[in-house]
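In: only the shape, not the letters, is given here:
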Ligand code: 6LW
C-alpha cells in the first residue's frame, strides 16, 4: 500500500514536471541574424534572415520548438541567385519572407544591389532553390500570402504598404498595386505580413526604423484589399517605452507570426542587445515571444509588448539541439554553414587540405568594396567570447599578410595579422581601420613558424594577443568595443570574426594555412 502511494506521488510529480513552464533564453538565434521570417509545415518550423553583403545568402534554420534552431543551409547559394557587386553593409539582401503554399516553399526578398524584389522556390527547404523570379512591385520587405490558389504580394513602395496579386512561378503581376495601409504615422512603414484568422485579414508591419524607436503595429480588415483599421492598442511590441528603458534588449521590431501545432501563437522579431551604454556590436538578432490571440481579438505580445533575456513562459515541448563544437578542425570537405564570404568569393582562393584551411593571398585588401577579398568569416554571437586560430604563412613575398579580423565591414575592422617583411621574417601587428583612419601597433618579429592569434572580449574591450608556442600569449593591444559598434560605424550587419590573406602585389604565391579555429562564448 505504502509503495503504491509512493509510486502515485512520483507519477503525479513527474506529470507536474512535464507541464512546468520551461522558459527559454532570448535571443533564440544569437549574433547578426536580422529580419526573421518564420513558417510552419506540420511539426516543423523554418526561419530565414537577411544577409546583406554576405555569400551564400539568407541563412535558413529548422526547429520543432521555436526555441532551438539549427541552421540547415542557405537559400541563395549560387552567384546567379545572388550577385553582390559592390554590396556593403547597407546593400545586398534585405528582409526575406518564407512561406509554404501546401506544395512548395517560397522565399521572397530584395537584392538592393541588383534588380530589387525577387522570389525563389523549392520543394525541400534544404535546397536546391530555383533561379530568381523577378517581381514588378517595388519597395522593400516583400511578403507573400496564399489563399484559394491565389498568391498575394505586399511590400512598401513610397512608404506605404501596397498589395497586388501575382503568379509566383513567373512573377507576373495579375492585379494593380493597391495602397492598403501607411501604419500609425511612424517613419519607415515596412516588413508587412498578412495572416487570416477568425474571418479577419490581419496586416502586421513595423514602423519607426530599425533603431531604438522600432515598433510593431497591426491593422485588420474583412477584405484582403482593405480598408484596414489599426489596432487601438498599437504598437503591440516596442521597447521605446518607459517600461523597457533599462532593458538590455532594444530596437524590437520587424516581426512575423506563426501558429504552433497546439494552437498557440508566437512572434519572432529582431532586436539588439546593448553593451557599453548605448552601443551594440552583434547586429540585430532573432528573438521569440509568446502571443495571446483570442478568437476575434487583437494579438497581444507577451502581455505588454516587452521582451526579456530570460522568458519565464510555457513553451512547446523542447527539442534541444547538440551545441556547436567549440573547435573547427578544418578536416571536413566543406566548411560548416556558419562560415560565409563577403560578396561573391573567388572559390580558387579557398581550399580545405589535410586538416587545414588554406587561403590564397590576393591584392584585394579587406578595405576594398569592388571585389571579394580572400576572407572567410563567422558571426560573433556572445558579448564575452574568445576566438583563437593557428596560422602559418607560406611562400610569402614582402608585404603579404594574413590574420584574424574583427570585421564590421570594409571601413571598420581590427586585424591581428602576420606580415612578411624584406628581411624574410614574419612580423605580427595589430591594425585598426576606422574609415579614413588607420592605426597600427608596433610590429614584433616572430620568425617563420606557426603563430597563434587570439581575440577576446568582455563587452567593453576587444583584446588581441598572440603566441608562438600555443601556451604563453602576449597582448598586442586593446580596442574599446564602441569604436566598432553600429552606433559608431553604422550599417545593418554585426561583427564577424574572419580569417584572411592579402598580398602586396598581384602574382604572389603566398598562402595562409589555418590549422583550427576555436570559438567559445558565454
Ligand atoms: C529591412 C527592414 C528593416 O529590410 O531594416 O528593421 C531593413 N527592418 O525591414 C534591413 O534589415
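Out: Great, that's in hand. Please read all numbers here as calculations on a predicted model, not as lab measurements.
In: make it CA atoms for all contacts and neighbour counts henceforth
Out: Noted.
In: which ones are touching the closest residue to residue 275 other than its chain neighbours?
Out: In space, residue 275 comes closest to residue 459 once its chain neighbours are excluded; the distance is 6.0 Å by C-alpha to C-alpha, 6 or more residues apart in numbering. With contacts defined as C-alpha atoms under 8 Å, 6 or more residues apart in numbering, residue 459 is in contact with 275-276, 383-384, 481.
In: hmm, 6 Å instead?
Out: Residue 459 sits next to 275, 383-384 when contact means C-alpha atoms under 6 Å, 6 or more residues apart in numbering.
In: between the residues you listed, which is closest to residue 237?
Out: The closest of the contacts of residue 459 to residue 237 turns out to be residue 275 (C-alpha to C-alpha; 21.8 Å).
In: the closest one bridge partners, please.
Out: Beta-bridge partners of residue 275, counted by DSSP bridges, are residue 279.
In: number of nearby residues for the nearest residue to residue 329 once chain neighbours are set aside?
Out: Once flanking residues are discounted, residue 329 sits nearest to residue 516: 4.7 Å by C-alpha to C-alpha, 6+ apart. Look at residue 516: counted by other C-alpha atoms under 10 Å, it has 18 neighbours.
In: please apply the same query to residue 382.
Out: A total of 18 residues lie near residue 382 under the criterion other C-alpha under 10 Å.
In: could I get the pLDDT score of it?
Out: Note for residue 382: predicted pLDDT of 98.
In: how close does it get to residue 95?
Out: 23 Å (C-alpha to C-alpha, to the nearest Å).
In: what's the closest of the contacts of residue 459 to the ligand?
Out: Ranked by distance to the ligand (C-alpha to the nearest ligand atom), those are led by residue 275 at 19.3 Å.
In: tell me the pLDDT at that closest one?
Out: Looking at residue 275, its pLDDT reads 93.
In: need the strands for the stretch 301-450 of the chain, in chain order.
Out: Counting by DSSP state E, counting those that start in this stretch, one finds strands in the stretch 301-450 of the chain at the ranges 310-311, 327-328, 340-342, 350-353, 356-360, 374-379, 384-394, 401-409, 412-420, 426-434, 437-440, 444-447.
In: turn the ones you listed into a markdown table, columns for mean neighbour count and distance to the ligand.
Out: Output for those, formatted as a markdown table (neighbours: other C-alpha atoms under 10 Å; distance: least, C-alpha to the nearest ligand atom, whole Å):
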| stretch | mean neighbour count | distance to the ligand |
| --- | --- | --- |
| strand 310-311 | 15 | 22 |
| strand 327-328 | 16 | 29 |
| strand 340-342 | 21 | 17 |
| strand 350-353 | 16 | 29 |
| strand 356-360 | 23 | 31 |
| strand 374-379 | 24 | 16 |
| strand 384-394 | 20 | 25 |
| strand 401-409 | 26 | 15 |
| strand 412-420 | 26 | 19 |
| strand 426-434 | 21 | 23 |
| strand 437-440 | 12 | 27 |
| strand 444-447 | 15 | 41 |
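In: redo those strands as TSV? Include distance to residue 151.
Out: Formatted as TSV, the strands of the stretch 301-450 of the chain follow (distance: least, C-alpha to C-alpha, whole Å):
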stretch	distance to residue 151
strand 310-311	36
strand 327-328	43
strand 340-342	33
strand 350-353	41
strand 356-360	45
strand 374-379	35
strand 384-394	45
strand 401-409	37
strand 412-420	42
strand 426-434	46
strand 437-440	50
strand 444-447	62
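In: and those strands: which comes nearest residue 114?
Out: Within the strands of the stretch 301-450 of the chain, the stretch nearest residue 114 is strand 340-342; the backing value is 15.8 Å (C-alpha to C-alpha).
In: contacting residues around that closest one?
Out: With C-alpha under 6 Å, 6+ apart as the test, strand 340-342 has contacts from 53-55, 372, 376-377.
In: do you know how far the residue in the stretch 401-522 of the chain positioned nearest to the ligand is from residue 238?
Out: Using C-alpha to the nearest ligand atom, residue 492 is the residue of the stretch 401-522 of the chain that sits closest to the ligand, at 5.9 Å. Distance, residue 492 to residue 238, using C-alpha to C-alpha: 19 Å.
In: and the two? Which one has more around it.
Out: Each of residue 492 and residue 238 has its neighbours counted (other C-alpha under 10 Å); residue 238 has more, 28 against 20.
In: right, and that one touches residue 215 too?
Out: Yes: using C-alpha atoms under 6 Å, residue 238 is in contact with residue 215, at 4.5 Å.
In: low-confidence regions, the stretch 401-522 of the chain specifically.
Out: Nowhere does the stretch 401-522 of the chain drop to pLDDT under 70.
In: let's see that with 90 instead.
Out: Of all residues in the stretch 401-522 of the chain, those with pLDDT under 90 make up the ranges 458-459.
In: just give the nearest non-adjacent residue to the residue in the stretch 201-350 of the chain that the ligand sits nearest to, would you?
Out: As assessed by C-alpha to the nearest ligand atom, the ligand sits closest to residue 210 within the stretch 201-350 of the chain, at 4.0 Å. In space, and not counting its chain neighbours, residue 210 is closest to residue 251: 6.3 Å by C-alpha to C-alpha, 6+ apart.
In: what do you get for residue 223?
Out: Spatial nearest neighbour of residue 223, excluding adjacent residues (C-alpha to C-alpha, 6+ apart): residue 201 at 6.6 Å.
In: the one you found: which element?
Out: Secondary structure assignment for residue 201, by DSSP states H and E: strand 200-207.
In: would that strand count as contacting the ligand?
Out: No: on the criterion C-alpha under 6 Å from any ligand atom, strand 200-207 is out of touch with the ligand, staying 7.2 Å away.
In: what lines up beside that strand in the sheet?
Out: Strand 200-207 pairs in its sheet with strand 190-197 (antiparallel), strand 215-221 (antiparallel), by DSSP bridges.
In: can you give the contact residues for the shortest one?
Out: So the one you mean is strand 215-221. 200-207, 227-231, 234-238, 253.
In: what average pLDDT does it get?
Out: Strand 215-221 shows a mean pLDDT of 98.
In: how distant is it from the center of its chain?
Out: Computed by C-alpha atoms, centre = their mean, to the nearest Å, the chain-centroid distance of strand 215-221 equals 25 Å.
In: name the stretch among the strands paired with strand 200-207 that sits most buried.
Out: Among these, strand 215-221 has the highest mean neighbour count (mean count of other C-alpha atoms under 10 Å), at a mean of 24.
In: leaving out the residues flanking it, which one is nearest to residue 64?
Out: The shortest distance from residue 64 to any non-neighbouring residue, by C-alpha to C-alpha, 6+ apart, is to residue 44 (5.1 Å).
In: distance check, the one you found against residue 260.
Out: Counting by C-alpha to C-alpha, the gap from residue 44 to residue 260 is 9 Å.
In: quick one, what contacts residue 144?
Out: Neighbouring residues of residue 144 by C-alpha under 6 Å, 6+ apart: 152-153.
In: do the same with residue 427
Out: With C-alpha under 6 Å, 6+ apart, residue 427 has these contacts: 418-419, 443-446.
In: if we use 10 Å, what do you get?
Out: Each residue near residue 427 by C-alpha atoms under 10 Å, 6 or more residues apart in numbering is listed here: 401, 417-421, 442-448.
In: now those residues as a markdown table including distance to residue 331?
Out: Shown next, in a markdown table, are the contacts of residue 427 (distance: C-alpha to C-alpha, whole Å):
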| residue | distance to residue 331 |
| --- | --- |
| 401 | 24 |
| 417 | 23 |
| 418 | 23 |
| 419 | 26 |
| 420 | 27 |
| 421 | 31 |
| 442 | 35 |
| 443 | 32 |
| 444 | 31 |
| 445 | 30 |
| 446 | 27 |
| 447 | 27 |
| 448 | 24 |
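In: can you work out which residues contact both of residue 238 and residue 215?
Out: Common contact partners of residue 238 and residue 215 (C-alpha under 10 Å, 6+ apart): 206-208, 251-253, 305.
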